[in-house]
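*Asks:* prediction below, plus the sequence it came from.
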Amino acid sequence: LSSAYARQEPLARLGRPLLAGLVDRVGESAHLAVLHGRDVPYLGEERAKNRPSLVTDVGVRLPAHLTASGRAILAALPASQLRALSPDKAAFAVRQPDPAITGYGQLKSHLEQVRRRGYATEEGDVTPGFGSLAVAALDH
């Protein structure tokens, strides 16, 4: 894991000022994540003042289908790659009761909405009472 993080360190370094600017503009915490298999490891975080701590510390990995960051990234994948990452029901881990996405059909439908809107959301699938919004960066 440490070598994987070291390979991503330049991305985290470049993303840090962008995250800080976003936090300044919106007054909420911001994160940088990448897709690694079916998970999103968090590479960068900027916390907004007086906002609660979240589970998405740098180095934390969460199933991509549960997070707004992961959903944004998954929505940008070709259908064949998305299907390969979601071979069966076992690929859909849950953290909370009544998750929004528990299978490939639900994921596919949700990602179609993400593509139409241009951003992904998550409401309580990671932490009850908390939600997030994410956009995938597709180029430099």
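*Replies:* Great, that's in hand.

*Asks:* now do the helices in this protein.
*Replies:* Ranges of helices within the chain are 2-26, 68-75, 79-85, 104-117, based on DSSP state H.

*Asks:* what's the single longest strand in the protein?
*Replies:* In the chain, with assignment by DSSP state E, the single longest strand is strand 39-46.

*Asks:* go through the helices of the chain and pick out the most buried.
*Replies:* helix 68-75 (a mean of 25; mean count of other CB atoms under 10 Å). To be clear about C-beta, it is placed using only N, CA and C from the backbone, and glycine gets the same treatment.

*Asks:* quick one: mean pLDDT for that one?
*Replies:* Averaging pLDDT along helix 68-75 yields 96.

*Asks:* between it and strand 39-46, how many degrees?
*Replies:* 130 degrees (axes from the mean of the first three to the mean of the last three CA atoms, to 10 degrees).

*Asks:* any idea how far residue 32 is from the most centrally placed residue in the chain?
*Replies:* For the chain, residue 69 is the residue whose C-alpha lies nearest the centre (CA atoms, centre = their mean; 2.0 Å). Distance of residue 69 to residue 32, computed by CB to CB, to the nearest Å: 8 Å.

*Asks:* just checking, the residue nearest to the centre of the chain touches residue 33?
*Replies:* Yes - counting by CB atoms under 8 Å, residue 69 touches residue 33, with 4.0 Å between them.

*Asks:* show the pLDDT at residue 9.
*Replies:* According to the model, residue 9 scores 80 on pLDDT.

*Asks:* ok, the residue of the chain positioned farthest from its centre - contacts?
*Replies:* What lies farthest from the middle of the chain is residue 50; by CA atoms, centre = their mean that is 22.5 Å. The contact partners of residue 50, by CB atoms under 8 Å, 6 or more residues apart in numbering, come to none.
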